[in-house]
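Colleague: Give me coordinates for this.
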Amino acid sequence: MSEKHFTWLNEPASHSTSGSQKSAKDYKIAAVEARSKPTTDFWRKPPSVHRDTGHFYYVTVEGDFHISCIFKGDWKTQYDQAGLMCRLNSQKWIKAGIEYDEDKTFASAVVTSPYSDWSLGEVDLTSGKDHIYLEMQRKAGGIYIRYALVGENEDMSKDPSTSPLRTVNGFTGSDTNESIQVGIMLCSPKSQDGVQVKFKDITIKQISQ
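Modeller: Residues are numbered from 1 along each chain as shown. This next block holds a predicted model:
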């Protein structure tokens, strides 16, 4: 893990961070709470839709990595969303997490290179399982994304039971020293009030040099 600290790409309307810890290869944040600005998004659609106004709290790592977090959002407006993101540049990135559409919550992934596709599957958030555990891993140039519905105090530190959300083979190069930005993201493409999201147990592990 480099010595760089987390920073915002497009600072949100409000945010707070607590419990940051850093070691040679790991980075942990106990909690981040943020509200997005209105009509913010990461999305690219031909011929000329290039939205890069969403909020991304990231650190730059080299080589393979594993990032995970647990989060809950106040989903109200179509396309309210939050989750994890990895990013090489403004035209090549992946975001994954929860997206609100048609008055339902979906596990969602968007892969952009240079235009965005969108895959999703409906999830049933209940009072006992109203948080999302999400993990993203880079391995040999591929990106692997998994998730689980969890309770607020559920311990996901030991062998979490997860389901696959998306695999993107060959997304990045095989160079083990290649740098990539990784972190949490949120945006609200149609909301005038923004979406409020609470993230916790954010952990990044660099798994190769």
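Colleague: Where does pLDDT dip in the protein?
Modeller: Applying pLDDT under 70 to the chain picks out residues 1-4, 159, 174-176, 208-209.
Colleague: got a list of what the spatially most central residue of it touches?
Modeller: Nearest residue to the geometric centre of the chain (C-alpha atoms, centre = their mean): residue 84, 0.9 Å. Applying C-beta atoms under 8 Å, 6 or more residues apart in numbering to residue 84 gives the contacts 67, 69, 95-97, 134-136, 145, 182-185. (Glycine included, C-beta is placed from N, CA and C.)
Colleague: Apply 7 Å and report the result again.
Modeller: 67, 69, 96, 97, 134, 136, 184, 185 (C-beta atoms under 7 Å, 6 or more residues apart in numbering).
Colleague: from the residues you listed, which single one is nearest residue 202?
Modeller: Of all the contacts of residue 84, residue 69 has the smallest distance to residue 202: 4.4 Å, by C-beta to C-beta.
Colleague: For the helix or strand where that closest one lies, name the packing helices and strands.
Modeller: Residue 69 is part of strand 65-73 when elements are defined by DSSP states H and E. Counting contacts by 3 or more C-beta pairs under 7 Å, 6 or more residues apart in numbering; DSSP states H and E, strand 65-73 packs against strand 81-89, strand 131-139, strand 179-187, strand 196-206.
Colleague: want to throw the ones you listed into a markdown table with distance to residue 55?
Modeller: Output for the helices and strands packed on strand 65-73, formatted as a markdown table (distance: least, C-beta to C-beta, whole Å):
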| stretch | distance to residue 55 |
| --- | --- |
| strand 81-89 | 9 |
| strand 131-139 | 16 |
| strand 179-187 | 5 |
| strand 196-206 | 9 |
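Colleague: On the three-state scheme, residue 128 is what?
Modeller: Secondary structure, DSSP: H, G, I helix; E, B strand; the rest coil: residue 128 is coil.
Colleague: Wait, it touches residue 150, no?
Modeller: No. Counting by C-beta atoms under 7 Å, residue 150 is not a contact partner of residue 128; they are 9.3 Å apart.
Colleague: These two - which one has more neighbours?
Modeller: A direct count of neighbours by other C-beta atoms under 10 Å for residue 128 and residue 150 places residue 150 higher, at 21 against 11.
Colleague: what residues are up against that one?
Modeller: Counted by C-beta under 7 Å, 6+ apart, residue 150 has contacts 70, 129, 131, 133, 156.
Colleague: Next up, the contacts around the second one.
Modeller: The one in question is residue 129. Shown in contact with residue 129 (C-beta under 7 Å, 6+ apart): 149, 150, 151.
Colleague: Which parts of this protein are helices?
Modeller: Along the chain, no segments are classed as helices by DSSP state H.
Colleague: mind checking how far the spatially most distant residue from the centre of it is from residue 115?
Modeller: Distance from the C-alpha centroid of the chain, by C-alpha atoms, centre = their mean, peaks at residue 47 (25.8 Å). As for residue 47, its distance to residue 115 is 10 Å (criterion: C-beta to C-beta, to the nearest Å).
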